[in-house]
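A.B. asks: Take this sequence and fold it.
(chains A and B)
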2 protein chains.
Amino acid sequence: MTHSDAIRLFAKTLRNLEHWMDKAAAHAKAKSFEVDVLAHARLAPDQFDFVRQVQAGCDQAKYAAAYLAGKPPPSHPDTEQTFAELRERVQKCLAFLETLEAKDFAGAEERKVSPPWLDGKWLRGDDYLAHVALPNFFFHATMAYAILRHNGVDLGKMDYIGSIPAQGG
Amino acid sequence: MTHSDAIRLFAKTLRNLEHWMDKAAAHAKAKSFEVDVLAHARLAPDQFDFVRQVQAGCDQAKYAAAYLAGKPPPSHPDTEQTFAELRERVQKCLAFLETLEAKDFAGAEERKVSPPWLDGKWLRGDDYLAHVALPNFFFHATMAYAILRHNGVDLGKMDYIGSIPAQGG
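C.D. replies: A predicted model of the protein is given here:
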């Protein structure tokens, strides 16, 4: 799987997340509560709420794309409080991902990635993708999904996966 | 990221899962309850419980490894009910993954993968990895983690991620 494919997988999953938020809004409407109640729902008192899960998922995608393509990551301050604002955050993230082309990721496997939290150490691009970006991105995406699911939103596995490019048959 | 690297990432995460189960056992002991109560915990009444999440995570890893290497998947019936049995299931899965070497995945990108649930259609190996195996594997691993976290087990993000091959510094 190329690094460009990985970033496109993140983008696809963020678009799936927008669909989960649509279903959350429909659920809130059917149950006559404000959907933004779910923005601050969480699975454990000391764990990120839905807002922070979405922000963190976007950031995992954004930083992976920037680091692996050797581009500066745009600044997206964590100011969102509502579903409407989170949708804008997802859109900003997707807009950045879409600026990158497959050729920007040439040589990404061996690129030295040195995020601030590694305190001067670095990871090979391939190791950053496998050990940091992929598990962290899907962690936050799944937690966002889990918070909605736990609160009764009508989500199933195919909402999580989205479309699959099956051929033949 | 090679397909062999992806399978090794799944194996690493399954070993992290064993560590989450250790922490669950310690939590149960500290709180004087049977850890197997958590085996049947779930986040929503119509969602898989912990046992099914672990079984499904193992299966995503096992089938990805088998399909992408062109080997027959071993049969691992879903009979587990306890943490002790789930540990054996994880060990069986890891033992299978370890039979495969990097060379077994040569050409996996273009291999036609046609699991029974695709009803005769197929996916390119690379598409199977990106659209099925990676998101599904991390979905079930994260849900298993989330169920424990929701029930008070002392888990943090680094338990989820495990060791990172940082260099230099």
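
A.B. asks: how close does the spatially most central residue of chain A get to residue A:78?
C.D. replies: Residue closest to the mean C-alpha point of chain A, counted by CA atoms, centre = their mean, is residue A:57 at 3.2 Å. According to CB to CB, to the nearest Å, residue A:57 stands 12 Å off from residue A:78. In short, each C-beta sits where N, CA and C put it, glycine included.

A.B. asks: likewise residue A:139?
C.D. replies: For residue A:139, the distance to residue A:78 equals 17 Å [CB to CB].

A.B. asks: what does residue A:159 give?
C.D. replies: Residue A:159 is 25 Å from residue A:78, by CB to CB.

A.B. asks: higher neighbour count, the two?
C.D. replies: Using other CB atoms under 10 Å in any protein chain shown, the more surrounded residue of residue A:159 and residue A:78 is residue A:159, with 18 against 12.

A.B. asks: List of residues touching the strand or helix carrying the more buried one?
C.D. replies: Per DSSP states H and E: residue A:159 is located in helix A:157-161. Contacts to helix A:157-161, defined as CB atoms under 8 Å, 6 or more residues apart in numbering or on different chains, come from residues A:16, A:19, A:20, A:23, A:141, A:142, A:145, B:131, B:132, B:135, B:136, B:139.

A.B. asks: any idea of the mean pLDDT for the helix ranked longest in chain A?
C.D. replies: With secondary structure taken from DSSP state H, chain A has its longest helix at helix A:3-31. Mean pLDDT, computed over helix A:3-31, is 98.

A.B. asks: which of the contacts of helix A:157-161 count as buried?
C.D. replies: For the contacts of helix A:157-161, a burial check counting by 16 or more other CB atoms under 10 Å in any protein chain shown picks out A:16, A:20, A:23, A:141, A:142, A:145, B:131, B:132, B:135, B:136, B:139.

A.B. asks: what sits against residue A:49?
C.D. replies: Applying CB under 8 Å, 6+ apart to residue A:49 gives the contacts A:39, A:40, A:41, A:42, A:147.

A.B. asks: Now do the helices in chain A.
C.D. replies: In chain A, the helices defined using DSSP H lie at A:3-31, A:50-69, A:83-97, A:125-128, A:134-150, A:157-161.

A.B. asks: And the fourth one, how far out from the chain middle?
C.D. replies: This points to helix A:125-128. 18 Å (CA atoms, centre = their mean, to the nearest Å).

A.B. asks: which residues sit against stretch A:88-108?
C.D. replies: So stretch A:88-108 is contacted by A:2-4, A:7-8, A:10-11, A:14-15, A:17-18, A:54-55, A:58, A:61-62, A:65-66, A:68-71, A:73-74, A:76, A:80, A:125-126, A:129 (CB under 8 Å, 6+ apart).

A.B. asks: err, stretch A:144-155, not the other one
C.D. replies: Contacts of stretch A:144-155 (CB under 8 Å, 6+ apart): A:17, A:20, A:23-24, A:26-27, A:31, A:38, A:41-43, A:49-50, A:53-54, A:57, A:159-160, B:43-44, B:47, B:139, B:142-143, B:146, B:150.

A.B. asks: which of these count as buried?
C.D. replies: A:17, A:20, A:23-24, A:27, A:38, A:42-43, A:49-50, A:53-54, A:57, A:159-160, B:43, B:47, B:139, B:142-143, B:146, B:150.

A.B. asks: what's the most distant pair in the buried ones among the contacts of helix A:157-161?
C.D. replies: A:23 and B:132 (21.8 Å; CB to CB).

A.B. asks: Could you give the number of residues near the residue lying closest to residue A:112 once chain neighbours are set aside?
C.D. replies: Computed as CB to CB, 6 or more residues apart in numbering or on different chains, the closest residue to residue A:112 that is not its neighbour in sequence is residue A:122, at 4.5 Å. Residue A:122: 17 surrounding residues under other CB under 10 Å.
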